[in-house]
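Engineer: Show me how the following folds:
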Amino acid sequence: MQTRVLVVDDDRAIARALRINLTAQGYHVTLAGDGATALRAAADRHPDVVVLDLGLPDLDGADVIAGIRGWSPVPIIVLSARTDSGEKVAALDAGADDYVTKPFGMDELLARLRAAVRRAGAAAPTGEPVLRLGELTVDLQAKRVHRGDAEVHLTPTEWGILEMLAGHRGRLVGQRELLRQVWGPHYEERTNYLRVYLAQLRRKLEPDPAHPRYLITEAGMGYRLDV
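Structural biologist: Numbers count the residues shown, from 1 in each chain. As a prediction, the model looks like this:
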């Protein structure tokens with residue numbers, strides 16, 4: 001079955017190039033030139049991954065991310081000319097899973113797309129299917145986290161990190177191992193990714209994110225999930 005990709009970009013030349021290259025790689029591609037069309041296409045077609053430009057004519061890309069995140073955990077890869085770190089953090093905070101700046105290499109984008117789809121479809125680790133962290137319940141089979149009766153929405157990348165740490169709970173997971181397993185073998189040096197995503201996870205899961213109780217950093221080495 002073909003992987004369904006929703007490409008959201010108002011630059012027709014870029015959208016056309018993406019459609020040609022992704023189709024050649026076996027993907028089924030849907031194009032949207034503005035935010036409203038993208039939200040309708042996401043709801044109607046249920047893509048496996050979204051490639052999204054932030055500079056859209058009607059909505060800011062962050063609003064599109066938030067609109068999709070309200071009901072779907074589909075991986076979202078931002079493809080944008082905005083290089084400011086604040087813009088990147090805002091997109092990741094809104095629920096994006098990755099951020100690629102324009103101009104971009106098609107090989108790199110394809111690798112990131114494959115990694116995003118792989119993370120979203122990864123099987124839950126074996127072992128105890130449900131973990132309890134204080135008021136949090138982590139269901140490894142259903143891939144869901146609840147605080148009391150309320151579900152905590154995680155992006156596929158956030159879930160991939162939590163799932164990896166849960167599979168080694170109580171033990172240190174090295175930075176390179178975590179990067180390799182969640183992002184892929186070419187991202188072992190991107191330790192800044194871990195800092196950003198662990199901060200997001202702590203904001204969502206920890207009672208006091210400034211003083212983490214469960215998601216523990218071992219400086220210069222890696223991370224550990226204390227249960």
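Engineer: show me where pLDDT drops low in the protein?
Structural biologist: 121-128 (pLDDT under 70).
Engineer: pretty sure residue 91 contacts residue 63?
Structural biologist: No. Judged on Cβ atoms under 8 Å, residue 91 makes no contact with residue 63 at a distance of 11.0 Å. All C-beta spots, glycine's among them, are computed from the backbone N, C-alpha and C.
Engineer: ok, these two, which is more surrounded?
Structural biologist: residue 91 (23 against 15; other Cβ atoms under 10 Å).
Engineer: Point out the other helices and strands that the helix or strand harbouring the more buried one packs with.
Structural biologist: Here residue 91 sits within helix 85-94, counting by DSSP states H and E. Judged by 3 or more Cβ pairs under 8 Å, 6 or more residues apart in numbering; DSSP states H and E, the packing partners of helix 85-94 are helix 61-69, strand 76-80, strand 98-101, helix 191-205.
Engineer: Residues touching stretch 3-23, excluding its own?
Structural biologist: 26-35, 37-38, 41-42, 45-53, 55-57, 61, 64, 79, 102, 106, 110, 113, 117 (Cβ atoms under 8 Å, 6 or more residues apart in numbering).
Engineer: CA-only coordinates of stretch 169-189 in CSV, if you can.
Structural biologist: Extracted as CSV, the C-alpha positions of stretch 169-189 are listed here (Å, rounded to 0.1, in the frame of the first residue of the first chain):
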residue,chain,number,x,y,z
ARG,A,169,13.1,2.2,32.0
GLY,A,170,15.4,2.8,34.9
ARG,A,171,18.4,2.5,32.7
LEU,A,172,20.5,5.2,30.9
VAL,A,173,19.8,5.5,27.1
GLY,A,174,22.8,7.2,25.4
GLN,A,175,22.2,10.3,23.3
ARG,A,176,23.5,8.7,20.1
GLU,A,177,21.4,5.6,20.6
LEU,A,178,18.3,7.6,21.2
LEU,A,179,19.0,9.8,18.1
ARG,A,180,19.7,6.8,16.0
GLN,A,181,16.6,4.9,17.0
VAL,A,182,14.2,7.8,16.8
TRP,A,183,15.6,9.9,14.0
GLY,A,184,17.8,7.5,12.1
PRO,A,185,21.5,6.7,11.7
HIS,A,186,22.5,10.0,10.2
TYR,A,187,21.4,12.1,13.2
GLU,A,188,23.7,10.8,15.9
GLU,A,189,25.3,14.3,16.3
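Engineer: contacting residues for the spatially most central residue of the chain?
Structural biologist: Geometric centre of the chain, nearest residue: residue 97, 2.4 Å, by Cα atoms, centre = their mean. Going by Cβ under 8 Å, 6+ apart, residue 97 touches 75-77, 116, 119, 155-157.
Engineer: Top of those by number of neighbours, please.
Structural biologist: residue 76 (31 neighbours).
Engineer: That residue contacts residue 48, correct?
Structural biologist: No. Residue 76 is beyond contact range of residue 48, at 11.3 Å (criterion: Cβ under 8 Å).
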